[in-house]
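> Using only what follows, build the 3D model:
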Amino acid sequence: MGRALLAVITLLLLCIVGLGLSVYFTRGEKTYAVDNLLAEELGRDVATAEDQGRPVVLADITKFEWDQVLVVAKGTPRERIERALGRDFQGHINYDVESAELFVFVRDGELVRYADYRGRGRFTGVKKPIDKLTPATAVFEVRNMVARPAKSR
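Predicted coordinates for the structure are as follows:
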């Protein structure tokens, strides 16, 4: 009875170790998913900014550190985003890139987070297909659901 129990325990341990090794060796590179909460907050902020008489300040919306945001126009190919980043874009885009602008937040050259704009407004006055802004310059005035970079903060 003791040998059978020892054999079962050994077999279970080998299976667990084998499973762990298979997960470790077959894992993909680190990828990021869209930050849904940030996307919703961005949309809500753009929708309410004009009525509240205030600009949309990306540094105030974000709760994490970043030193640059790439504002990516609708339909921009992944390769173009990667050229602007200077590295692979590790964002997992599981929707049609034609549908929304992307806001790709970077810190020290590394992707931190990204969000898609889901609101009914639109962004103008930024360079197409990609504009790079800092926390100080990522400020937008909203008029008639059109967000434009603010002249000064």
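> which non-adjacent residue is nearest Arg143?
Of all residues not flanking Arg143 in the chain, Glu50 sits nearest, at 6.2 Å (Cβ to Cβ, 6 or more residues apart in numbering). Where you see a C-beta, it was placed from the backbone N, CA and C, and this is true even at glycine.
> Helices of this protein, start to end?
2-26, 36-52, 58-61, 78-85 (DSSP state H).
> Report the separation between the residue nearest in space to the middle of the chain and Asp108.
Nearest to the mean C-alpha position of the chain, by Cα atoms, centre = their mean, lies Tyr114 at 1.3 Å. From Tyr114 across to Asp108, the span is 16 Å (Cβ to Cβ, to the nearest Å).
> hmm, back to that, burial of the residue nearest to Arg143, as a residue count?
Neighbour count of Glu50, defined by other Cβ atoms under 10 Å: 18.
> what do you get for Gly121?
Using other Cβ under 10 Å, Gly121 has 19 other residues around it.
> quick one: contacts for it?
Listed by Cβ atoms under 8 Å, 6 or more residues apart in numbering, the contact partners of Gly121 are Val46, Ala47, Val142, Met145, Val146, Ala147.
> Could you check the pLDDT of it?
pLDDT, Gly121: 89.
> ok, now Ser152?
Confidence at Ser152, expressed as pLDDT, is 54.
> got the domain boundaries for this protein?
Using automatic domain parsing, the domain parsing of the chain gives 1-29, 32-149.
> Return the most buried member of these.
Highest mean neighbour count of those: domain 32-149, a mean of 16 (counted as mean count of other Cβ atoms under 10 Å).
> Would you mind measuring the gap between the ends of it?
End-to-end span of domain 32-149 (Cα to Cα, to the nearest Å): 27 Å.
> same check, this time on stretch 43-60
For stretch 43-60, the first-to-last residue distance is 14 Å (Cα to Cα).
> same check, this time on stretch 107-118
Stretch 107-118: ends 24 Å apart by Cα to Cα.
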